[in-house]
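*Asks:* requesting a structural model of the entry that follows:
(2 chains)
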Protein chains: 2
Amino acid sequence: MPQFIKDGTVRLTSSVSALSYAAAVGKMEGDGPLGECFDYIAKGAELGEETWEKAESKFQQYAFDFALRKGNFLSDDIDFIFAGDLLNQCTGSTYGLRQYDLPFLGLYGACSTMAESLAVASLFADSGIGEYCAAITSSHFCSAERQFRFPINYGGVRTPTAQWTATASGCCIVGISDEPPFIKAVTIGKIVDMGEKDANNMGAAMAGAAYDSISRHLSNTGKRLSDYDAIFTGDLGQVGSDILCELFANQGTDISTVHKDCGLMLFDRKKQDVHAGGSGCGCSASVLCGYILPRVKSGELKNILFAATGALMSTTVSQQGESIPGISHVVEISHRK
Amino acid sequence: MPQFIKDGTVRLTSSVSALSYAAAVGKMEGDGPLGECFDYIAKGAELGEETWEKAESKFQQYAFDFALRKGNFLSDDIDFIFAGDLLNQCTGSTYGLRQYDLPFLGLYGACSTMAESLAVASLFADSGIGEYCAAITSSHFCSAERQFRFPINYGGVRTPTAQWTATASGCCIVGISDEPPFIKAVTIGKIVDMGEKDANNMGAAMAGAAYDSISRHLSNTGKRLSDYDAIFTGDLGQVGSDILCELFANQGTDISTVHKDCGLMLFDRKKQDVHAGGSGCGCSASVLCGYILPRVKSGELKNILFAATGALMSTTVSQQGESIPGISHVVEISHRK
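*Replies:* Purely as a prediction, here's the structure:
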């Protein structure tokens, strides 16, 4: 049964666990420092499909299929799917998961969607609303570039603050179990607007939301930074990570000792030309499912926060001069029950 | 505590009630047959804003503010907001609700989003995850036309099967109470693709999903059509409603005696040029919050199903030749505890 603490924070009490998880990624992500962590690495970005959008859907299907297989699940075992992505009308998810005859809840939290879907799926499992719930998200460099910036062929020059949308998908199936990793608590994000208007500087736009949610989680649960082996933000990149550390430093706290950012972990910025780091719904999803969860399971990581971050704008409202609000949802995951 | 029944259906057991609800609509919706039901009717489509998108966000803010005021809530009383809309990256919701410092869960189910958000909000309340949860959606004719079809000024001719996106928003706040209307059960939709490829015939694309979810709800809860005073679909319009009746007739069941469609209720098709009927996230949301819930509260309606319907495509995937999958989430609402 979930226990509401306050101000967006809920504690889970039924030993909800990440039962199975998988990540499917593109070639560049496979060539990065975490390449060995992933269940499937594509040879290219197309996966044999005619369009980038169809390829993104297929990445999502692969992540779900691998997670089912690794956990010895049949798709019919899953009671509810929670999924979302960056594409307009979330078609990466709806077309990717159309073939499964399963109750489907679409979510949108931009690049924070993996934390949102994992949080809600875990709350459903903790409440007994469903026995097995799957959280899935994806992103694709080429479909995102076309939609949010320029078609790939245009060859637009990227700013130093720009991030590289990961071609990747991650899926995590949760349910009650005695085996780690356990989902212990969640803090649902608030919309935080720092006034940033540069759509090529998402990290700066999202840092305030990460600061707000992580701070609230610590305060509402009575925890300190030192209680965690690591606090993983989703895709703040270098610019956003620096701002996050500064926001904590302004409060007299040094988060840099435990802070890691999935966007900085997925690629090697010295060798791979990703500017400020990786981003996209699939970035934090693939790092969570490929790198983080296996390490919490083994006990290499005892207690962590997964705080994926999203920028909630669209090209239309950006062109209308609006600033970019951010959001970050926090999921606390532990090796101990 | 929610009781999982099977195949997407969950029964609520803690007397979760719609505590307060409100609808804010545009001029044309106010001129329609349900005009007297709405809390706020705009003089135009702009609400004093420079862009249609900003106006849509304001409609959503108005619906939330009216629902708070009618229920004597302060915004701080709300534990979680569940919101979504049709705009790319759901900016109707994120910008409309940015000013409130509240835990925010973005959802995307196209025009089914009001049923999805009401279902998840009610499950959160039933589980004690939150005490008061708000479900909000919106749509705007002008922002939807520009995004999905043509800019208004282009004056594109509409097909007879086309529907008119409602300029409207609805908000419902749920929590545990002894007063009706009570949320009794929900059935989460599956993605159903009937192979329809005409983006001007959404009703046809969504009818199969409505049939699937309503049938599953009846079967999983052991109910019959005659147990309900009315079954409200979201925005099938005339074409989709005819198909839904045919799908039930093929199974030897006459749903026409209890079936109503929010898209056909919101406008007077003889006097208002809306072709096959109304549509949009705000259509079913405003009919639910303005017309249906007050009648279940008063007892004029004893037991109903609210089955909002959504078409899960984007213009990009439609242009790539994809068919349009539909989804429908069902919420059972009753005057009796």
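
*Asks:* which ones are touching the spatially closest residue to residue A:64 that is not a sequence neighbour?
*Replies:* The shortest distance from residue A:64 to any non-neighbouring residue, by C-beta to C-beta, 6 or more residues apart in numbering or on different chains, is to residue A:171 (4.8 Å). The way it works is simple: take the backbone N, C-alpha and C, and place the C-beta from them, glycine included. Taking C-beta atoms under 8 Å, 6 or more residues apart in numbering or on different chains, we find residue A:171 in contact with A:21-23, A:60, A:63-64, A:66-67, A:134-136, A:285, A:289.

*Asks:* how far away is residue A:171 from chain B?
*Replies:* 16 Å (C-beta to the nearest C-beta, to the nearest Å).

*Asks:* roughly how far does that residue sit from residue A:138?
*Replies:* Computed as C-beta to C-beta, to the nearest Å, the residue A:171 to residue A:138 distance reads 9 Å.

*Asks:* and residue A:31, how many neighbours?
*Replies:* 14 (other C-beta atoms under 10 Å in any protein chain shown).

*Asks:* same question but for residue A:79, I mixed them up
*Replies:* Residues near residue A:79, counting by other C-beta under 10 Å: 23.

*Asks:* separation between it and chain B?
*Replies:* 7 Å.

*Asks:* tell me the buried residues in stretch A:216-230?
*Replies:* A:216-218, A:220-221, A:225, A:228-230 (16 or more other C-beta atoms under 10 Å in any protein chain shown).

*Asks:* what about chain B: which of the residues you listed touch it?
*Replies:* Contacts with chain B within those, as defined by C-beta under 8 Å from any C-beta of the partner chain: none are present.

*Asks:* closest one of those to chain B?
*Replies:* Nearest to chain B among the buried residues of stretch A:216-230: residue A:216, at 9.1 Å, using C-beta to the nearest C-beta.

*Asks:* flag every residue of the stretch 151-300 of chain A that's near chain B.
*Replies:* Counting by C-beta under 8 Å from any C-beta, the stretch 151-300 of chain A sits next to chain B at A:187-191, A:193.

*Asks:* what do you get if the cut-off is 6 Å, keeping everything else the same?
*Replies:* Counting by C-beta under 6 Å from any C-beta of the partner chain, the stretch 151-300 of chain A comes close to chain B at A:188, A:190-191, A:193.

*Asks:* what's the closest of these to chain B?
*Replies:* residue A:188 (3.8 Å).

*Asks:* please name the bridge partners of the nearest residue to the closest one once chain neighbours are set aside.
*Replies:* Distances taken as C-beta to C-beta, 6+ apart place residue B:103 nearest to residue A:188, at 3.8 Å, with adjacent residues excluded. Beta-bridge partners for residue B:103, by DSSP bridges, are residue A:190.

*Asks:* look up how far residue B:133 lies from residue B:103.
*Replies:* Where residue B:133 is concerned, residue B:103 sits at a distance of 10 Å (C-beta to C-beta).

*Asks:* find the residues that touch each one of the two.
*Replies:* residue B:80 (C-beta atoms under 6 Å, 6 or more residues apart in numbering or on different chains).

*Asks:* so, low pLDDT: which residues of chain A?
*Replies:* The model of chain A has no residue with pLDDT under 70.

*Asks:* how does chain A divide into domains?
*Replies:* What automatic domain parsing lists as the domains of chain A is A:15-176, A:182-334.

*Asks:* where do the helices sit along the stretch 151-300 of chain A?
*Replies:* If DSSP state H, counting those that start in this stretch is used as the criterion, the helices of the stretch 151-300 of chain A fall at A:202-221, A:237-250, A:262-265, A:281-287, A:293-298.

*Asks:* could you give me the buried positions within the first one?
*Replies:* When neighbours are counted by 16+ other C-beta under 10 Å, the buried residues of helix A:202-221 are found to be A:202-218, A:220-221.

*Asks:* can you list the residues of the stretch 1-150 of chain A near chain B?
*Replies:* Contact residues, the stretch 1-150 of chain A versus chain B (C-beta under 6 Å from any C-beta): A:2, A:4, A:8, A:10, A:51, A:53, A:88-91, A:94, A:98, A:101, A:103-104, A:106-109, A:123, A:127, A:129.

*Asks:* so which of the residues you listed are in strands?
*Replies:* When these are checked against strands (DSSP state E), the matches are A:4, A:10, A:104, A:106.

*Asks:* ok, the nearest residue to residue A:256 once chain neighbours are set aside to chain B distance?
*Replies:* Distance criterion C-beta to C-beta, 6+ apart; nearest residue to residue A:256, sequence neighbours excluded, is residue A:245 at 4.9 Å. Going from residue A:245 to chain B by C-beta to the nearest C-beta gives 24 Å.

*Asks:* pull up the pairing partners for the helix or strand containing residue A:134, direction included.
*Replies:* Element membership for residue A:134, per DSSP states H and E: strand A:133-139. The strands beside strand A:133-139 in its sheet (DSSP bridges) come out as strand A:80-85 (parallel), strand A:168-176 (antiparallel).

*Asks:* just the C-alphas of that strand, formatted as PDB.
*Replies:* Output of strand A:133-139 as PDB, limited to C-alpha atoms (Å, rounded to 0.1, in the frame of the first residue of the first chain):
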ATOM      1  CA  CYS A 133       3.200  -3.200 -14.900                       C
ATOM      2  CA  ALA A 134       5.600  -2.200 -17.600                       C
ATOM      3  CA  ALA A 135       7.200   1.300 -18.000                       C
ATOM      4  CA  ILE A 136       8.600   2.000 -21.400                       C
ATOM      5  CA  THR A 137      10.000   5.100 -23.200                       C
ATOM      6  CA  SER A 138      12.100   5.800 -26.300                       C
ATOM      7  CA  SER A 139      13.700   8.500 -28.300                       C
END
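
*Asks:* packing partners of whichever helix or strand comes after that strand?
*Replies:* Next along the chain after strand A:133-139, taking DSSP H and E as the criterion, comes helix A:141-148. With contacts defined as 3 or more C-beta pairs under 6 Å, 6 or more residues apart in numbering or on different chains; DSSP states H and E, the packing partners of helix A:141-148 are helix A:52-70.

*Asks:* got the CA positions of the helix it packs on in CSV?
*Replies:* Output of helix A:52-70 as CSV, limited to C-alpha atoms (Å, rounded to 0.1, in the frame of the first residue of the first chain):
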residue,chain,number,x,y,z
TRP,A,52,12.9,7.2,-38.4
GLU,A,53,9.5,7.3,-36.7
LYS,A,54,8.9,3.6,-37.5
ALA,A,55,12.4,2.8,-36.4
GLU,A,56,11.8,4.5,-33.0
SER,A,57,8.6,2.5,-32.5
LYS,A,58,10.6,-0.7,-33.2
PHE,A,59,13.2,0.2,-30.6
GLN,A,60,10.4,0.5,-28.1
GLN,A,61,9.0,-2.9,-29.2
TYR,A,62,12.5,-4.4,-28.9
ALA,A,63,13.0,-3.1,-25.4
PHE,A,64,9.6,-4.5,-24.3
ASP,A,65,10.2,-7.8,-25.9
PHE,A,66,13.7,-8.2,-24.3
ALA,A,67,12.3,-7.2,-20.9
LEU,A,68,9.5,-9.8,-21.3
ARG,A,69,11.9,-12.5,-22.4
LYS,A,70,14.5,-11.8,-19.6
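
*Asks:* elements contacting that helix?
*Replies:* strand A:16-25, helix A:91-96, strand A:133-139, helix A:141-148, strand A:168-176.
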